[in-house]
Structures are given as C-alpha cells and as structure tokens.
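Asks: Requesting a structural model of the entry that follows:
(2 chains, ligands or ions: 2)
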Amino acid sequence: MSAAPQIDLTNAETFPSRRTEAWKYSDMKRWLREAPEPSGTALVGAPGPFYDLGGEAIVFANGRPVGVTDFIASGVQTLRLRFISDAVGTGHTAAARIVARPGARLLLLETHEGKGSAYVAHNKVEIDVARDAEVTRIVLIEEPEDAISVTNAEVRLEAGGRYRQTVVTTGAKLQRIETQLSHGAEGADARLDGLYLLKGSRHTDLTTVVDHRAADGTTSQLTKGVVHDTARGVFQGKIIVERGADGTDARMAHNALIASERGEIDAKPELIIYADDVQCAHGNTVGTLDESALFYIQQRGIPADEARALLVQAFLFEVIDRIEDEAAKEVVRAWLTARL
Amino acid sequence: MLKINNLHVSVADKPILKGLTLEVPAGEVHAVMGPNGAGKSTLGYSLSGRPGYEVTDGSASWNGQDLLGLDPAERAAAGVFLSFQYPMEIPGVPAMTFIRTALNAQKRARGEEEVSAPAFLKQVKAASQALKMDFDMLKRPLNVGFSGGEKKRMEILQMALLEPSLLILDETDSGLDIDALRIVSEGVNALRRADRSMLVITHYQRLLDYIKPDKVHVLAAGRIVASGGPELALELEAEGYDKFLPTAA
Ligand SMILES: Nc1ncnc2c1ncn2[C@@H]1O[C@H](COP(=O)(O)OP(=O)(O)O)[C@@H](O)[C@H]1O
Ligand SMILES: [Mg+2]
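Replies: Ligands and ions are numbered 1, 2, ... in the order given. Purely as a prediction, here's the structure:
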C-alpha cells in the first residue's frame, strides 16, 4: 500500500518524479536532480512552539538525534518531537519511533522547525498504537520558502486503538507530508486532519493512505487549506476498505479556498472498497473568498487585508476546533493567527 | 453635510445612477423613496465604496471630505455606515468579536485609543438591551442563521456601537414585524444628533411614520426626480410611483 517509494537522500535514483502516480503533483525530481551533500551539525536553539506544554522530548538537529530516537508511552504522557533543520543547501534524514502501550494516552507534539535555507529534510515517524491506547499527534510545520522536505508517518492501530492527527503547515518549496495508517485490528478509530496556509510560491502536499484491514474501524478526515499568490496546495486522500473490514465507517472531506488569481489546488480523494456493509463518503470543495462578505467587513471599518485574514481564519479554525486537548489547541490557534 | 453632485454609477457597464444630486445637511434625516430597481441600493453601495459600483462621473463628499477616493474601510472610519438591505453572514466570527474588531480598527484609523474588552462588553450589554436583543445572539457567528428581522436589528446594534456620523439605512423596515419596527425605529431615533446625517432608503412610507424625515426625495431611473416635505411620502403611498416613471414612448 505504500504511496512512497523508499526515498534515500543519498541516492537520487530514489527521488520520485511526477511519473510516479502518487507523486504527480509533487515532482521531487524536478527540484532535486542530485543527491544533496549531507548536512553538518546544528544547534537546537529556541525551545519550540510547544515548550510550555512540558513533557518529554525527542529532538533531531539536521537529522542527528540529540538523545534518544525512540519512545514508549505508558499511562498519560506528553512527548515533544522536534525536527530542527538549520542547514544551507544540504540534506539530512531523521527517524523516530513511537509506541503507545495498551491503554496509554500520548499527546505527541511534533514540530518541524526550519531555519537556514534550501535544505532537504527527510523525516520518518513510526507510530504503534496498542490495544485501547490513544495517540494525539499534532504537527506544526514552518520551513523556509526554498526548503524541500518529505515527511512520512506510518501509523498502526491495534484493536480499540484511537489515533488523532492534525497537521498544520505553511508549506515550503516542495513539501510532502504523508501519513499511512492501518486499522490492523477491529474497532480502531482514527481522525486525520490537515490544514495548510500557503503564501508566495509555496507548495505543500498532504497525502494520506488509510487502510481498513479489520472490521468496525472508523476514520474521519477533514483537511482545509487556503492558497495565496501563486502557491499550490495538494490533497491526496486514499481510503482502502479491505475484504472483511465490514462495518467500516470512513469519511473524508477536503475544503479549500483560492485567495488569489494564480493560486492552485489539486485534490485527489479516493475510496477503494472491497468489503460489504460499509459507510464511506468523501467530499471536496474548492472556492474563493466571499467578495460580498469581504465588502461587508470592510464597510464596518476593517481594512481589506484584515478582512481577508478574518475570513481565512474563520475558515481554517474549523480544523483546529477539532483538537480535543485544550492547551494544545490554544497553541495551534495562536501559531496560526500569527501567520495569517 | 452630505453633498452628492451629478453622480453617475455603472454596474457591469450598465448605467444605474444617471446624474444624481442630493444634499443632506448635518442633523437632518432625509428619506429616499423609489420603485424597485430605481437604484436606491446602488446609491448606498456607491457611497460606501462597494467594488463593482463604478463611479463614472460626479462627486460625493461628507463634511467636505471627498468620499469617492477612499477605500471602504477609510470611508467607515470617516463616519459612513451602511445598514445593508440584505446583511451578509460572516461564519466563524462571533458578532461581539466582530463589532469590537471593527470599532478598534476605526479608532486606530482615526488615531484614537482602542476600547478595552470590559468597557466594550458594558456598551454591548446596554445597546442590546435597548434593542431588546438576546445577548447570547452576540456570541454566535455574525448573522449566521439569523432571521431577516434579527439581521436588521444586528445592523442597528452595530450602528449604535460604531457611532457613525453618516447613517445610510437601506430598507431597514423590510423583514420587520410591527413590534420590531417600533423598537428598531426607536433605536434609530436615539441616534439622531445635530452632527449626524441620515439617509433613510425605503420603498414604503410605513417606516417614515416612525422615523420622521425632514425631507423626502423620489429616486426613479437613477435620478432624484422630486423632493419635498414628509407629505410627499404620503402622496406616494396614495398614488404610487407611476407618475415618476419614464413614460413608455
Ligand atoms: N450587482 C449587480 N449586477 C447587475 N445589475 C445590478 C447589480 N446590482 C444592481 N443591479 C441593477 O441595478 C438596478 C438598480 O438596482 P438597485 O440599486 O438594487 O435598486 P433598488 O435598491 O432601488 O431596488 C437594477 O436594474 C438592478 O437590476
Ligand atoms: Mg434595494
């Protein structure tokens, strides 16, 4: 089911191009013809957006672990997973592995903190959610406009496992955030949400592949995005319901706004169903900012830029409102508000 | 004083206002009446700067300041308020947050001090009570799912809180039952002041029983074709607009 060929930054042969169906909107090879030189060391620097929420930390600086790379959660825990890139024109790969033991509740606060410029980052995260465990993964991504990054998360849910994901990104030159999730045993529950706000010529590609391999699993997905200028947002969502995964309930929605003449959105929702007695639905809308609402807001004295930001914020906050953890929700709201 | 001189406005290249001239001195309330499609809403939109309403000739100024060169938010900061015939819904933005954001944006533009949240809350409570509005409505996204009458009340509430000096009311009476009409009119009358001017746009005379105009103008086919005292409104009510319509040749 892998949507990604195994990318190896040291081998340009492994970089997907648009000739690979799953990468047709994100032509990595076009922007990266040769393998980048490996990045040197980097300083960790500032404490990161989720610092105030405490908990344990896994930190990578230019791919190098600063301490451990693996984490096993039991009970109720918070883990900050930080991918820090501070390189110029070089590449690095980081890999983390997270396990939530049976009954554990983990709040996983992931940040991609890009400094430097024109770097290539490849991040891999493996997450195992054991029986009746719950993982909430919130990802905030901020990278330079000339960076290239690919993040791949593989999530496996055991019986009764719960997984909640919210990816929030402002894009990069070429950015792919991929989540592959499998319902490996019955009665698992997943929420996979995404939010992108792209300016300039930025690009992001939120790709999810959800594989229902067992009965009575539920998946709920909401991705919303806004593109300005000449930015390009890509949403690819694939849900596969395998034979025998009866009683599956899967819903996927992608709603986007193009806030400029030359912005672009590409969306590819797919449902592939081999089981009986399933409830599946997907919806996709792409619109523009409501001009009459914009005028109304300005008539009350709010300048055009602020009026636009108000409508964009209202549109995007729906995704953030689905985050259950109140403290994390507040951090994400403030983070986004500062970037409108 | 509002001074509109020889105003020509086109929408989608179609001339709608064709040489409209009108003056409203400070402290006065003038009614603009006219048949459907005469250009009444176009007048309100043109004065407030709605995109798509292209001024091709003429001028409009408020207290000596040219309005037509300002963007909509600048006009609002200069005192212009349009109560919309069909107020828009603003999803995701609570009404109270919206009004405070607007008020503070205007204050910033005028170089005044912003109003604090607690002080604003007090003002909102008083103003919503005066208009007999349920305070909880102000916590809901602005106008989303509101009835026509509720939207109109919300317009008047915003007007009361933003304290504009040029008040343009576009068919404020439509969608209101008799009780609501009385309450809303009282709200509008309370805003009358020596340094404010009001342009009350309406199709029916009914509203003018409650908001007594100093003058009544008839707008037909894009121009003011008659002006007079309040008795003109009664005459229109009795005889209709027929005699002001261009005769079919
Ligand atoms: N956005 C628009 N696009 C095209 N025509 C319009 C638009 N707005 C108004 N018009 C036309 O302009 C004329 C005047 O409309 P309006 O100002 O709404 O009249 P009133 O408010 O007096 O009923 C009508 O013929 C209407 O069809
Ligand atoms: Mg009208």
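
Asks: Is whichever residue of chain B sits closest to ligand 2 in a helix, a strand, or coil?
Replies: For chain B, the residue closest to ligand 2 is residue B:41, as judged by C-beta to the ion, at 3.2 Å. Heads up, the C-betas are built off the backbone N, CA and C, glycines and all. Put simply, residue B:41 is helix when judged by DSSP: H, G, I helix; E, B strand; the rest coil.

Asks: separation between residue B:197 and residue B:4?
Replies: 12 Å (C-beta to C-beta, to the nearest Å).

Asks: Secondary structure element holding whichever residue of chain B sits closest to chain A?
Replies: Scanning chain B for the residue nearest chain A gives residue B:92, at 2.6 Å (criterion: C-beta to the nearest C-beta). Under DSSP states H and E, no helix or strand contains residue B:92.

Asks: show me where chain B has strands.
Replies: B:2-11, B:14-24, B:29-33, B:53-62, B:65-66, B:80-83, B:166-170, B:197-202, B:215-220, B:223-228 (DSSP state E).

Asks: Just put the ones you listed in JSON lines and tack on mean pLDDT, distance to residue A:148 and mean neighbour count.
Replies: Output for those, formatted as JSON lines (pLDDT from 0 to 100; distance: least, C-beta to C-beta, whole Å; neighbours: other C-beta atoms under 10 Å in any protein chain shown):
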{"stretch": "strand B:2-11", "mean pLDDT": "98", "distance to residue A:148": "47", "mean neighbour count": "19"}
{"stretch": "strand B:14-24", "mean pLDDT": "97", "distance to residue A:148": "51", "mean neighbour count": "18"}
{"stretch": "strand B:29-33", "mean pLDDT": "97", "distance to residue A:148": "60", "mean neighbour count": "24"}
{"stretch": "strand B:53-62", "mean pLDDT": "98", "distance to residue A:148": "45", "mean neighbour count": "17"}
{"stretch": "strand B:65-66", "mean pLDDT": "96", "distance to residue A:148": "51", "mean neighbour count": "12"}
{"stretch": "strand B:80-83", "mean pLDDT": "98", "distance to residue A:148": "49", "mean neighbour count": "26"}
{"stretch": "strand B:166-170", "mean pLDDT": "98", "distance to residue A:148": "53", "mean neighbour count": "25"}
{"stretch": "strand B:197-202", "mean pLDDT": "96", "distance to residue A:148": "57", "mean neighbour count": "25"}
{"stretch": "strand B:215-220", "mean pLDDT": "96", "distance to residue A:148": "61", "mean neighbour count": "22"}
{"stretch": "strand B:223-228", "mean pLDDT": "96", "distance to residue A:148": "62", "mean neighbour count": "16"}
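
Asks: Mind putting the ones you listed into JSON lines with distance to chain A?
Replies: Supplementary listing: the strands of chain B in JSON lines, determined by distance: least, C-beta to the nearest C-beta, whole Å:
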{"stretch": "strand B:2-11", "distance to chain A": "14"}
{"stretch": "strand B:14-24", "distance to chain A": "17"}
{"stretch": "strand B:29-33", "distance to chain A": "18"}
{"stretch": "strand B:53-62", "distance to chain A": "10"}
{"stretch": "strand B:65-66", "distance to chain A": "15"}
{"stretch": "strand B:80-83", "distance to chain A": "6"}
{"stretch": "strand B:166-170", "distance to chain A": "10"}
{"stretch": "strand B:197-202", "distance to chain A": "15"}
{"stretch": "strand B:215-220", "distance to chain A": "21"}
{"stretch": "strand B:223-228", "distance to chain A": "24"}
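
Asks: can I get those strands in a markdown table with distance to ligand 1?
Replies: Formatted as a markdown table, these follow (distance: least, C-beta to the nearest ligand atom, whole Å):
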| stretch | distance to ligand 1 |
| --- | --- |
| strand B:2-11 | 4 |
| strand B:14-24 | 4 |
| strand B:29-33 | 9 |
| strand B:53-62 | 8 |
| strand B:65-66 | 22 |
| strand B:80-83 | 12 |
| strand B:166-170 | 7 |
| strand B:197-202 | 7 |
| strand B:215-220 | 7 |
| strand B:223-228 | 12 |
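
Asks: For chain B, what lies in contact range of chain A?
Replies: Chain B comes close to chain A at residues B:48-51, B:71-73, B:75-77, B:80-82, B:84, B:87-93, B:98-99, B:101-103, B:105-106, B:109, B:141, B:158, B:162, as judged by C-beta under 8 Å from any C-beta of the partner chain.

Asks: Out of those, which sit inside helices?
Replies: B:48, B:72-73, B:75-77, B:98-99, B:101-103, B:105-106, B:109, B:158, B:162 (DSSP state H).

Asks: pLDDT below threshold where in the stretch 1-150 of chain A?
Replies: A:1-5 (pLDDT under 70).

Asks: what are the ranges of the strands in it?
Replies: Assigned by DSSP state E, counting those that start in this stretch, the stretch 1-150 of chain A shows strands spanning A:56-61, A:64-65, A:70-73, A:76-88, A:91-100, A:105-117, A:120-129, A:134-142, A:148-157.

Asks: one step back: tell me the contacts of the residue lying closest to the residue of chain B closest to chain A once chain neighbours are set aside?
Replies: Excluding the flanking residues, the one nearest residue B:92 by C-beta to C-beta, 6 or more residues apart in numbering or on different chains is residue A:314, at 2.6 Å. By C-beta atoms under 8 Å, 6 or more residues apart in numbering or on different chains, the contact list for residue A:314 reads B:90-93, B:141.

Asks: Please state the offset of stretch A:288-307 from the chain centre?
Replies: 30 Å (C-alpha atoms, centre = their mean, to the nearest Å).

Asks: That one close to chain B?
Replies: Yes: applying C-beta under 8 Å from any C-beta, one finds stretch A:288-307 touching chain B at A:290-293, A:295-304, A:306-307.

Asks: now, which of those residues sits nearest ligand 2?
Replies: Ligand 2 lies nearest to residue A:292 out of the residues of stretch A:288-307 next to chain B, by C-beta to the ion, at 14.2 Å.

Asks: would you say that closest one is within a helix?
Replies: Yes: looking at residue A:292 with three-state DSSP, it is inside a helix.

Asks: State the number of residues packed around the closest residue to it other than its chain neighbours.
Replies: The shortest distance from residue A:292 to any non-neighbouring residue, by C-beta to C-beta, 6+ apart, is to residue B:88 (5.4 Å). When neighbours are counted by other C-beta atoms under 10 Å in any protein chain shown, residue B:88 registers 17.

Asks: now swap in the one 10 residues further on and tell me
Replies: Counted with other C-beta under 10 Å, the neighbours of residue B:98 add up to 23.

Asks: and it, what does it touch?
Replies: Counted by C-beta under 8 Å, 6+ apart, residue B:98 has contacts A:297, A:300, A:310, B:90, B:142.

Asks: same check, this time on residue A:340
Replies: Listed by C-beta under 8 Å, 6+ apart, the contact partners of residue A:340 are A:197, A:309, A:312-313.

Asks: same thing with residue B:94?
Replies: Going by C-beta under 8 Å, 6+ apart, residue B:94 touches B:138-142.

Asks: Tell me the bridge partners for it.
Replies: On the basis of DSSP bridges, residue B:94 is bridged to residue B:141.

Asks: State the distance from it to ligand 1.
Replies: As defined by C-beta to the nearest ligand atom, to the nearest Å, residue B:94 lies at a distance of 29 Å from ligand 1.

Asks: can you pull the pLDDT of that residue?
Replies: Residue B:94 is assigned a pLDDT of 94 by the prediction.
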